[in-house]
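[1] Coordinates for the following, if possible.
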Amino acid sequence: MSATVRTPDHSDFTQAMSLLGGPRVLKSRPASQLDVHRLLKTGLPQKALDHLVVTVKLVKSGRHFEDAFGMTYRTYQRRKDPGTLPLSPEQSNKTWTFARVLAKATEVFGSQEAAEAWISEPVMGLDRQVPLALLQTPAGVDLVNAFLTRLEYGVYT
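    Predicted coordinates:
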């Protein structure tokens, strides 16, 4: 017997998919967390990262690129050639994580502009750490997500 784990019906999930270009760019419409896992394991299309870079001012300049995606901006520029292979599973995971956290922060702060400002500056509730820098490890991602959830419910400590 096989159970399908449904994708959470959260607007941050939908927004993350949109930041990556949606089904048109991803060439799929994940219906479960397992679908997302498979998509990341095989590698997101380069066009998904391209779409995200165009959509997010914070990384467009290349300043926070490596923190967000685990590759240098120069590596990204070299990859933009036609026929580029998909992102590696590690790059795909970092890209998905960044998109998902940015989407959740956008939901909490009410605009993408406010979310981008928050994610790139030290946060008192995170021991003055920059949320973007915390996304480098699974533990850091958990800290940022937990903090955003507390903010969402009005718990500021």
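[2] Low-confidence ranges, the protein, go.
    The model of the chain has pLDDT under 70 over residues 1-10, 81-83, 156-157.
[3] mind checking how far the helix or strand hosting V101 is from the chain centre?
    Taking DSSP states H and E as the criterion, the element that holds V101 is helix 89-109. The chain centroid and the centroid of helix 89-109 are separated by 2 Å, computed with C-alpha atoms, centre = their mean, to the nearest Å.
[4] Other residues contacting it?
    When contacts are taken as C-beta atoms under 8 Å, 6 or more residues apart in numbering, the neighbours of helix 89-109 outside the stretch itself are 11-16, 18-20, 36, 39-44, 48-49, 52, 56, 68-71, 86-87, 112, 114-116, 118-119, 131, 135, 141, 144-145, 148, 151-152. C-beta coordinates here come from the backbone N, C-alpha and C atoms, glycine included.
[5] again, only this time at 6 Å
    Outside helix 89-109, the residues within contact range by C-beta atoms under 6 Å, 6 or more residues apart in numbering are 11-12, 15-16, 19-20, 40-41, 43-44, 49, 68-71, 112, 115, 118-119, 135, 141, 144, 148, 151-152.
[6] And stretch 55-65, by the same measure?
    If you take C-beta under 6 Å, 6+ apart as the criterion, stretch 55-65 is touched by L19, V53, A68, Y73, E116, S120, L132.
[7] rerun that using 10 Å as the cut-off
    Contact partners of stretch 55-65, identified using C-beta atoms under 10 Å, 6 or more residues apart in numbering, comprise 18-21, 49, 52-54, 66-69, 71-77, 98-99, 102, 112-113, 115-117, 119-120, 130, 132-133.
[8] Name the residues of that stretch that come out as buried.
    Of the residues in stretch 55-65, those buried by neighbour count under the rule 16 or more other C-beta atoms under 10 Å are T55, V56, L58, V59, H64, F65.
[9] Give me the distance from it to the chain's centre.
    How far stretch 55-65 lies from its chain's middle: 13 Å, per C-alpha atoms, centre = their mean.
[10] Quick one: end-to-end distance for it.
    Stretch 55-65 stretches 13 Å from its first residue to its last (C-alpha to C-alpha, to the nearest Å).
[11] returning to that earlier point: put together JSON lines for the buried residues of stretch 55-65, with distance to Q91 and secondary structure on each row.
    Supplementary listing: the buried residues of stretch 55-65 in JSON lines, determined by distance: C-beta to C-beta, whole Å; DSSP: H, G, I helix; E, B strand; the rest coil:
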{"residue": "T55", "distance to Q91": "17", "secondary structure": "helix"}
{"residue": "V56", "distance to Q91": "16", "secondary structure": "coil"}
{"residue": "L58", "distance to Q91": "18", "secondary structure": "helix"}
{"residue": "V59", "distance to Q91": "13", "secondary structure": "helix"}
{"residue": "H64", "distance to Q91": "15", "secondary structure": "coil"}
{"residue": "F65", "distance to Q91": "12", "secondary structure": "helix"}
